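Asks: using only what follows, build the 3D model:
(one chain, ligands or ions: 2)
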Amino acid sequence: MHESSLVSVQSVPNMRDTVARIVAETPVTDLHTHLYAPAFGPLLLWGVDELLTYHYLVAEVLRASDVPYDMFWAVEKREQADLIWQELFIKRSPISESCRGVLTVLSKVGLDVAARDLNAYRRFFAAQRIPEYIETVFKCANLESVVMTNDPFDPVERPVWEHGFEEDPRFHAALRIDPLLNDWDNSCAKLCAWGYDVEATLSDRTQSEIRRFLSGWIKRTKALYMAVSLPPAFAFPEGSPRAKIIEACVVPAARQHHVPFAMMIGVKRSVNPQLRLAADGVGTSDVDAVTRLCAQYPRNKFMVTMLARENQHELCVAARKFRNLFLFGCWWFLNNPSLIEEMTRMRFELLGLSVAPQHSDARVLDQVIYKWDHSRTLIAKVLADKYADLMTVGWIPNEPEIRRDAARLLDGNFWEFLNRTL
Ligand code: FIX
Ligand code: ZN
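Replies: Ligands and ions are numbered 1, 2, ... in the order given. This next block holds a predicted model:
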């Protein structure tokens, strides 16, 4: 063993410093974001006004302020950002995780948050140019690459794929199929209009056409996986169009193209429609639906994240039973320090290093800076706690081992799962 690699972990405090440093130095593959490659033009959001009008903060400002919903939506984004800044940063201390995130970003890009000077921040962002700024952000967040969310039903995104563009190796695709699974009637009409021979009854011919649609888009986008978000009531098996399409189309297409099917389960869409993108809520889901899929299709790979805290323990136990089930991320309302720490600890204790503890879900480019900064700190803390437990009996992790483990968590596990043949 190289002596220097042992020195840094000799004592528990030294080990903690080493783990924090290594986790910070380890590049990430961010396996679920809503970011877009530069070729998608205005779909890639960035800058302080986008940060301030993130839907997490919209939900918070519409609690804090009495402004009528209609009035909020009627004004320009910059004015919405002004209101959010005033209400959530100036009239009150910005202690929520989403507010804190904005400040982390501003400070990491070199701005003086103590000044509380929104116009100065705007001037900084106005001076940035996107190609260089993407590089700055990736460097600052220590990102290797990100996975986008690519929806062939989206009228703005679809033509970009159809016309073709120069690929950017930092941005991978994931084929998002919510409309297909959650709104079959409307999607059937769209597939029809795009030249697929489909009918509402999901006949054999329709099923084969849906498979053709999925295969075509997996190939066109080079999707790393297919993905869907699902309500708490998601059940499998059941007689619904959704369950039928999963069984007859998604599962075979996933097998054919060796891609996992990612399920993000537990979102109650549009609980308060007045909030628009911020309207969604959470409910507890049925983990058995996941285990039935894993059991019925042992040669298919499933990636799963659940939105309810209450589901996390049962989901970890399910993952212990199925090697074709890969858990990822602390999704959305779980992306808060107390819950990230709890979930990461639980996952390490039940599943060791075989998970992807986090994804960013960033919708605004700059958000990857705060999401990864905050999560890295927590992942390092929990990992160091686990090493400290091992050190009590004399198992001293060395630096290469810590590096290996961190690389698995932040990057390698995901790629290994993608490449795994079952
Ligand atoms: O369905 C999803 O992928 C969710 O992550 C989003 O729809 C949600 O709006 C979000 O941004 C959560 O972080
Ligand atoms: Zn998402």
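Asks: strands of the stretch 251-400 of the chain, residue ranges please.
Replies: Counting by DSSP state E, counting those that start in this stretch, the stretch 251-400 of the chain has strands at residues 261-265, 267-268, 281-282, 302-306, 325-327.
Asks: out of those strands, deepest packed?
Replies: Counting by mean count of other Cβ atoms under 10 Å, strand 302-306 has the highest mean neighbour count of the strands of the stretch 251-400 of the chain, with a mean of 26. Using the backbone N, CA and C atoms, a C-beta is placed for each residue, glycine as well.
Asks: close to ligand 1, is it?
Replies: No. Shown here: strand 302-306 not in contact with ligand 1 (Cβ under 6 Å from any ligand atom), separated by at least 9.1 Å.
Asks: any chance you could list what contacts that strand?
Replies: 32, 225, 227, 260-266, 285, 287, 290, 293-294, 312, 315, 319, 322, 324-331, 359, 417 (Cβ atoms under 8 Å, 6 or more residues apart in numbering).
Asks: that strand to strand 261-265, inter-axis angle?
Replies: Angle, strand 302-306 to strand 261-265, by axes from the mean of the first three to the mean of the last three Cα atoms, to 10 degrees: 10 degrees.
Asks: let me see the mean pLDDT of strand 302-306.
Replies: For strand 302-306, mean pLDDT is 99.
Asks: so who does the nearest residue to Tyr387 once chain neighbours are set aside touch?
Replies: Distances taken as Cβ to Cβ, 6 or more residues apart in numbering place Pro397 nearest to Tyr387, at 4.9 Å, with adjacent residues excluded. By Cβ under 8 Å, 6+ apart, Pro397 lies in contact with 9, 15, 387, 390-391, 405.
Asks: 10 Å instead?
Replies: 5-6, 9, 15, 18-19, 383-384, 386-388, 390-391, 403-405 (Cβ atoms under 10 Å, 6 or more residues apart in numbering).
Asks: filter those by proximity to ligand 1?
Replies: Among the contacts of Pro397, ligand 1 is touched by none when using Cβ under 6 Å from any ligand atom.
Asks: most neighbours among those residues, which one?
Replies: Counting by other Cβ atoms under 10 Å, Val19 has the largest number of neighbours within those, with 28 neighbours.
Asks: excluding its backbone neighbours, what's nearest Phe138?
Replies: Phe138 sits nearest to Arg170 (Cβ to Cβ, 6+ apart), 6.5 Å away.
Asks: pLDDT weak spots in the protein?
Replies: Applying pLDDT under 70 to the chain picks out residues 1-8.
Asks: got the residues of it near ligand 1?
Replies: Contacts of the chain with ligand 1, taken as Cβ under 6 Å from any ligand atom, map to 34, 149, 229, 264, 277, 332, 361, 363.
Asks: which of those residues count as buried?
Replies: Using 16 or more other Cβ atoms under 10 Å as the burial test, these include 34, 149, 229, 264, 332, 361, 363 as buried.
Asks: which residues touch the second one?
Replies: Translated: Thr149. Residues counted as contacts of Thr149 (Cβ under 10 Å, 6+ apart) are 32-36, 157, 173-176, 178, 227, 229, 361, 363.
Asks: elements contacting the helix or strand containing Thr206?
Replies: Secondary structure assigned from DSSP states H and E places Thr206 in helix 204-221. For helix 204-221, the packing partners by 3 or more Cβ pairs under 10 Å, 6 or more residues apart in numbering; DSSP states H and E come out as helix 157-163, strand 175-176, helix 178-182, helix 184-193, strand 226-230, helix 241-245, helix 251-257.
Asks: most tightly packed of these?
Replies: Taking mean count of other Cβ under 10 Å, strand 175-176 is the most buried of the helices and strands packed on helix 204-221, at a mean of 27.
Asks: which elements pack onto it?
Replies: Going by 3+ Cβ pairs under 10 Å, 6+ apart, strand 175-176 lies up against helix 204-221, strand 226-230, helix 251-257, strand 261-265.
Asks: rerun that using 7 Å as the cut-off
Replies: For strand 175-176, the packing partners by 3 or more Cβ pairs under 7 Å, 6 or more residues apart in numbering; DSSP states H and E come out as helix 204-221, strand 226-230.
Asks: please identify the deepest-packed of these.
Replies: Note that of these, strand 226-230 is the most buried (mean count of other Cβ under 10 Å), with a mean of 23.
Asks: partners of that one in the sheet?
Replies: strand 175-176 (parallel), strand 261-265 (parallel) (DSSP bridges).
Asks: which parts of stretch 37-49 are buried?
Replies: Buried-residue list, stretch 37-49, by 16+ other Cβ under 10 Å: 37-40, 43-49.
Asks: Leu143 contacts Val28, correct?
Replies: Yes. With contact defined as Cβ atoms under 7 Å, Leu143 and Val28 form a contacting pair (5.3 Å).
Asks: more neighbours, these two?
Replies: Val28 (27 against 23).
Asks: find the residue closest to the more buried one in space, skipping its chain neighbours.
Replies: In space, Val28 is closest to Leu410, 4.6 Å off (Cβ to Cβ, 6+ apart).
Asks: so how far is ligand 1 from that neighbour?
Replies: Distance of Leu410 to ligand 1, given as Cβ to the nearest ligand atom, to the nearest Å: 19 Å.
Asks: burial measure for that residue, as a count.
Replies: 25.
Asks: correct me, but it touches Asp30?
Replies: No. Using Cβ under 7 Å, Leu410 is not in contact with Asp30; the gap is 9.2 Å.
Asks: list the buried residues of stretch 393-400.
Replies: So for stretch 393-400, counting by 16+ other Cβ under 10 Å, buried means 397-399.
Asks: typo on my end, it should be stretch 129-149
Replies: For stretch 129-149, a neighbour-count test (16+ other Cβ under 10 Å) marks 133-134, 136-138, 140-143, 145-149 as buried.
Asks: among those residues, which ones are in helices?
Replies: 133-134, 136-138, 140-141 (DSSP state H).
Asks: check contacts around whichever residue of the stretch 151-300 of the chain sits closest to ligand 1.
Replies: Proximity of the stretch 151-300 of the chain to ligand 1 (Cβ to the nearest ligand atom) peaks at Ser229, 3.7 Å away. Ser229 makes contact with 178, 264, 267, according to Cβ atoms under 7 Å, 6 or more residues apart in numbering.
Asks: could you measure from the last one over to Leu35?
Replies: In this case it means Val267. 20 Å (Cβ to Cβ, to the nearest Å).
Asks: and which of the contacts of Ser229 is nearest Glu87?
Replies: Closest approach between the contacts of Ser229 and Glu87, by Cβ to Cβ: Val267, at 26.1 Å.
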